[in-house]
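Enquirer: Model the following, please.
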Amino acid sequence: MEDNNIVKEITKTLGITYKELGEVIGYGGDSLKNIASKNEVSVQLQKSIELYMENLHLKEQLKDCHTLKEALKRLSS
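Expert: Now for the predicted structure:
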């Protein structure tokens, strides 16, 4: 993923709009659209997006842990 196009790459990867991404990281959709078109991503915006992606990844891992926990409970019953 190129730093200059992180907004475009993430919205494409996640299948979401600029507005949807903006809502979860605290930016306006129009602001993100302008930033993406100009390839002027600030360090703060990049970090916000990276933290959001890490959060999604951790939520998925937690979901997997809960699924495993439930399966183990059923086996021990």
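
Enquirer: Check which helices and strands the helix ranked longest in the chain sits against.
Expert: Selection of the longest helix in the chain by residue count, based on DSSP state H, yields helix 43-76. Judged by 3 or more CB pairs under 8 Å, 6 or more residues apart in numbering; DSSP states H and E, the packing partners of helix 43-76 are helix 6-14, helix 18-25. Yep, even glycine has a C-beta here, placed from its N, CA and C like the rest.

Enquirer: which residue is nearest the middle of this structure?
Expert: Residue closest to the average C-alpha location in the chain (CA atoms, centre = their mean): residue 53, at 3.3 Å.

Enquirer: The closest residue to that one other than its chain neighbours: what's it in contact with?
Expert: Residue nearest to residue 53 in three dimensions, not counting chain neighbours: residue 10, with 6.8 Å by CB to CB, 6 or more residues apart in numbering. If you count contacts by CB atoms under 8 Å, 6 or more residues apart in numbering, residue 10 has them with 1, 21, 49, 52-53.

Enquirer: can you pick the most crowded of those?
Expert: residue 49 (22 neighbours; other CB atoms under 10 Å).

Enquirer: hang on, the earlier thing: in JSON lines, list the contacts of residue 10 along with distance to residue 36 and pLDDT.
Expert: Formatted as JSON lines, the contacts of residue 10 follow (distance: CB to CB, whole Å; pLDDT from 0 to 100):
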{"residue": "1", "distance to residue 36": "13", "pLDDT": "45"}
{"residue": "21", "distance to residue 36": "10", "pLDDT": "94"}
{"residue": "49", "distance to residue 36": "11", "pLDDT": "95"}
{"residue": "52", "distance to residue 36": "15", "pLDDT": "96"}
{"residue": "53", "distance to residue 36": "16", "pLDDT": "96"}
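
Enquirer: Right, I'll call it a day here.
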